[in-house]
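K.L.:
A structural model of the following input is requested.
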Amino acid sequence: MPEKLDLKESVKKAITLLVQKQISRTIILSSYKINTVLKTNYGINVRVDKVGRILSQVAKRNNLPRLPTNIPKYKLDLDKTSRLEFADDNPMDLLSLESPG
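P.N.:
Got it, this is the predicted structure:
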């Protein structure tokens, strides 16, 4: 039986992948997008609402602006945000993740 999945670490991995593969300086984060990245790239299947709760905590902790949509979406501007703080006090350095371009 697999070990218990650390959902926060999985969300970090998904955000890392999104930052690495980004084209523009702004990334729109949503629970559906992160869930799709987890399913497609890591084979992790979790409920979208659980991903949404973690994303909401990350957005609040980092003062990411919420977009005016029915589904919560947050704007991650790489020009204004160089690192993301998570509840585990282990920040993610976004500048080191960017793909050269």
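
K.L.:
which stretches of the protein form strands?
P.N.:
26-30, 73-77, 83-84, 92-93 (DSSP state E).

K.L.:
and the closest residue to Tyr32 other than its chain neighbours, how many neighbours?
P.N.:
Leaving aside its chain neighbours, Tyr32 sits nearest to Val48 (6.0 Å; criterion: CB to CB, 6 or more residues apart in numbering). In short, each C-beta sits where N, CA and C put it, glycine included. As a burial measure, Val48 scores 15 neighbours (other CB atoms under 10 Å).

K.L.:
Same check on Asp79?
P.N.:
Residues lying near Asp79 (other CB under 10 Å) number 7.

K.L.:
who's in contact with it?
P.N.:
Arg25 (CB atoms under 8 Å, 6 or more residues apart in numbering).

K.L.:
ditto for Asp77
P.N.:
Contacts of Asp77 (CB under 8 Å, 6+ apart): 25-26.

K.L.:
For it, list each beta-bridge partner.
P.N.:
Thr26 (DSSP bridges).

K.L.:
start the count at 837, not 1, going forward
P.N.:
Noted, 837 is the first residue going forward, which turns the last one into Asp913.

K.L.:
OK, contacts around the residue nearest the centre of the chain?
P.N.:
Centroid check for the chain by CA atoms, centre = their mean gives Ile851 as the closest residue, at 3.4 Å. Contacts for Ile851 (CB under 8 Å, 6+ apart) come out as 865, 870, 894, 920, 928.

K.L.:
give me the number of residues near Ser867?
P.N.:
23.

K.L.:
got it, and Leu931?
P.N.:
With other CB under 10 Å as criterion, Leu931 counts 10.

K.L.:
confidence score at the residue nearest to it when sequence neighbours are not counted?
P.N.:
In space, and not counting its chain neighbours, Leu931 is closest to Ser918: 5.2 Å by CB to CB, 6+ apart. pLDDT for Ser918: 86.
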